[in-house]
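Enquirer: I would like to see how this sequence folds:
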Amino acid sequence: MKNKLLPIIVASVTLLSFPKADYAQAPNLGSAAAYALFTTVGAVTNSGTTYLTKVTGNVGTNSSPTITGFGNVDGVMTYSGSTLSSQCAADVLAAYDSLGKAKVDSTLGLVIGGYTLHAGTYMMPSSGAATLNGVLTLNAKGDTNAVFIFKTSQAFSSTAKSKIKLINGAKACNVFWRVDGAVGIGTGNVFRGTIISGGAISLSTGDTLEGRALTINGAVLVDSLLAYTPVGCGSPLLTGPGFPTLATTSCYGIFSSNGAVTNAGATFVKGDVGTNVGLTTGFNALNVTGTIHPKPDGSTAICATDLGNLYTYLNTLPADIQLLFPAQLGHSLVLTPHTYIMKAAVTFVDTLYMNAEGNSNAIFVIQVNGALSASKHAKVKLINGAQAKNIFWKVDGAVSLNDSTVFNGTIVCNNGAIDMHSGVTVNGGVFTTNGQLITDTVNVTMTSVCVPAGIVPVMYSNTQAITVYPNPFKSSITIAIQDISQADNYELKVYNVLGKEVMGKVITNQTTTLGTNELASGMYFYQLLNNNVLVQSGKLVSQQ
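Expert: As a prediction, this is how the structure comes out:
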């Protein structure tokens, strides 16, 4: 028992004998910062079930052994002979050398864990292999720039279920492990920081790595790993591509440019429903917050043109990342703001996470060069600020969403039918340029701000200047000013779906009632101006 406690006692005494040192400097990772897994000499292998290893970040090797066993990776696969892999190899070596030269502030024992460390550069003895056992807490003491560097000239390992905990502003992007020998992380670990090793690196079943596993010489072996490059410390803010011009497609929840739109069951839609060639049938007006266009009209003609433009934009975006296994989409894969491409038909199962990394304006575009099929109960989930209105699925082929699928994002299908089965929920628009569109007891909510033709959209605060009621209306509407003291020169304008002004009124009283008998059934849009400045807008529905 005494021998087992000795390394921890020695480490604690050694730490107490050193003065405070918060001056460790992070190395420049260069292009290696984009990699979750990389080796300069060796293979990168996932030995478990392909889709059970989930990686956000590039995976690469700079030698002839290849990358094997991986499913879809939220990053770029780079191989020997490419400019990317050779540059990464040079940057990993430079960072390895830089960490080697870092001035040591304190010396640890061979076994670390069970205590708290502050920022600094720590050295583990050369008398044997070092081990992480239990929980190691890194305390930045409120300094988000605090850097932690750990070095050993021997091998490094961790016991099962060990954990690195970050507190008081400590960040994984500021933690570095420079190991001269091999690295072996035990099962079920939560490991944080960038490992740069002179030997092979092995990560075990159930491990989570918030950081990177990089080596200058040796294989990288993983099994059922969750790995993601850390955010912060100057890492680029992912924004994705530019937001597309939606124009009048923003007003439709369900639309086909050329094909019948047919519903069965109690389907609820927020947004217009229609087709520009064929008929729209089976929808209950009481369940549609918008206009049902039973046959083609001026609005559907404009939407068909705008949909073609939207498809062209999404289809011609250059892709950042290719998901190599379209038949395995889902399985709790995490995607970040990028333009993705899959060059074959897609089968979506289980769960797909959209991670905005804290940027609520980040855009996701998924290009599918083939059909898209979602299995029963498949779900697209939004995390870390991701919004359905910022997600777009371009599909070249038929789309089938099976029972109880929950789908976030706007679907833009080209030359394919769309079939949505019972219980499907779509947060976004559902469009096809050419094909029938069938729904059966589904919920579709268009998430973008409706922009009728010829009307400029407005984003306003949650505090409403006026209330317009009833809505839906029949013979009249009443406009109530919330705070009459704020009204200077209010003017209300009402437009039809083609953007033509059909009513205008200067509002001077606390409440004003306007007759609407001349407004046919359908959707209208109002704008409230105060001294010619747009302060509020919204939808109105006439039920004459």
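
Enquirer: now the chain, which segments are flagged as low pLDDT?
Expert: 1-23, 453-463, 486 (pLDDT under 70).

Enquirer: Show me where it has its helices.
Expert: Using DSSP state H, the helices of the chain run over 2-16, 83-100, 298-316.

Enquirer: is it possible to export those to JSON lines including mean neighbour count and distance to Ala417?
Expert: Just so you know, the C-beta spots here come from the backbone N, C-alpha and C atoms, and that holds for glycine as well. Formatted as JSON lines, those follow (neighbours: other CB atoms under 10 Å; distance: least, CB to CB, whole Å):
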{"stretch": "helix 2-16", "mean neighbour count": "13", "distance to Ala417": "66"}
{"stretch": "helix 83-100", "mean neighbour count": "19", "distance to Ala417": "40"}
{"stretch": "helix 298-316", "mean neighbour count": "19", "distance to Ala417": "15"}
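
Enquirer: Redo these as CSV? Include distance to Gly385.
Expert: As requested, the helices of the chain are exported to CSV (distance: least, CB to CB, whole Å):
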stretch, distance to Gly385
helix 2-16, 39
helix 83-100, 29
helix 298-316, 22
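
Enquirer: nearest to Phe176, of those?
Expert: Judged by CB to CB, the one of the helices of the chain that comes nearest to Phe176 is helix 83-100, at 5.8 Å.

Enquirer: and the closest one, what does it pack onto?
Expert: strand 35-39, strand 58-61, strand 77-78, strand 148-152, strand 175-179, strand 190-197, strand 208-215 (3 or more CB pairs under 8 Å, 6 or more residues apart in numbering; DSSP states H and E).

Enquirer: May I see the domains of this protein written out as residue ranges?
Expert: 2-228, 247-445, 466-542 (automatic domain parsing).

Enquirer: Can I get those in a markdown table including distance to Leu238?
Expert: Formatted as a markdown table, these follow (distance: least, CB to CB, whole Å):
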| stretch | distance to Leu238 |
| --- | --- |
| domain 2-228 | 10 |
| domain 247-445 | 4 |
| domain 466-542 | 31 |
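
Enquirer: Of those domains, give the one that comes closest to Val451.
Expert: Nearest of these (CB to CB): domain 247-445, 4.9 Å.

Enquirer: So what would you say the end-to-end distance of the closest one is?
Expert: End-to-end span of domain 247-445 (CA to CA, to the nearest Å): 17 Å.

Enquirer: now do stretch 436-446
Expert: End-to-end span of stretch 436-446 (CA to CA): 19 Å.

Enquirer: And for stretch 399-417?
Expert: End-to-end distance for stretch 399-417, by CA to CA: 6 Å.

Enquirer: List the buried residues in it.
Expert: Buried positions in stretch 399-417, judged by neighbour count with 16 or more other CB atoms under 10 Å: 399-414, 416-417.

Enquirer: Then stretch 520-537?
Expert: For stretch 520-537, a neighbour-count test (16+ other CB under 10 Å) marks 522-530, 535-537 as buried.

Enquirer: Please identify which two of those are farthest apart in space.
Expert: Gly522 and Asn530, at 27.3 Å, using CB to CB across these.

Enquirer: for the helices of the chain, which one sits closest to Leu203?
Expert: For these, distance to Leu203 was read as CB to CB. The smallest value, 17.1 Å, belongs to helix 83-100.

Enquirer: contact partners of that closest one?
Expert: Residues outside helix 83-100 that contact it (CB atoms under 8 Å, 6 or more residues apart in numbering): 27-32, 35, 38, 40, 58, 60-62, 76, 78-79, 149, 151, 176, 178, 196, 198, 214-216.

Enquirer: filter those residues to the buried ones?
Expert: Buried members of the contacts of helix 83-100, counted by 16+ other CB under 10 Å: 27, 29, 31-32, 35, 38, 40, 58, 60-62, 76, 78-79, 149, 151, 176, 178, 196, 198, 214-216.

Enquirer: hang on, the earlier thing: so which of the domains of the chain gets nearest Gly234?
Expert: With CB to CB as the measure, domain 2-228 is the member of these nearest Gly234 (8.2 Å).

Enquirer: Tell me how far the closest one lies from the chain's centre.
Expert: Distance of domain 2-228 from the chain centroid (CA atoms, centre = their mean, to the nearest Å) equals 26 Å.

Enquirer: so Leu214 makes contact with Gly193?
Expert: No - in this structure, Leu214 is not within contact of Gly193 by CB atoms under 8 Å, at 11.3 Å.

Enquirer: Render the CA-only coordinates of stretch 511-523 in CSV, please.
Expert: C-alpha atoms of stretch 511-523 as CSV (Å, rounded to 0.1, in the frame of the first residue of the first chain):
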residue,chain,number,x,y,z
THR,A,511,-57.8,51.7,-31.5
THR,A,512,-58.9,51.8,-35.1
THR,A,513,-61.3,49.5,-36.9
LEU,A,514,-61.1,49.0,-40.7
GLY,A,515,-63.7,47.3,-42.9
THR,A,516,-62.3,44.4,-44.9
ASN,A,517,-65.3,43.3,-47.0
GLU,A,518,-63.3,44.0,-50.2
LEU,A,519,-60.5,41.6,-49.3
ALA,A,520,-61.1,38.2,-50.7
SER,A,521,-60.2,35.0,-48.8
GLY,A,522,-56.5,34.3,-48.5
MET,A,523,-53.3,35.5,-46.9
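
Enquirer: Contacts for it, please.
Expert: 251, 272, 290-291, 473-481, 494, 496-497, 502-503, 505, 539-544.

Enquirer: thinking again about what came up before, quick one, which of the helices of the chain gets closest to Met342.
Expert: Of all the helices of the chain, helix 298-316 sits nearest to Met342, with 13.3 Å by CB to CB.

Enquirer: Give the other helices and strands that that closest one contacts.
Expert: strand 252-256, strand 272-275, strand 364-368, strand 391-395, strand 410-413.

Enquirer: So what pairs up with Val468 in the strands?
Expert: Here Val468 sits in beta bridges with Ile479, as judged by DSSP bridges.

Enquirer: which residues does it contact?
Expert: Val468 touches 477-480, 526, 538, 540, counting by CB under 8 Å, 6+ apart.
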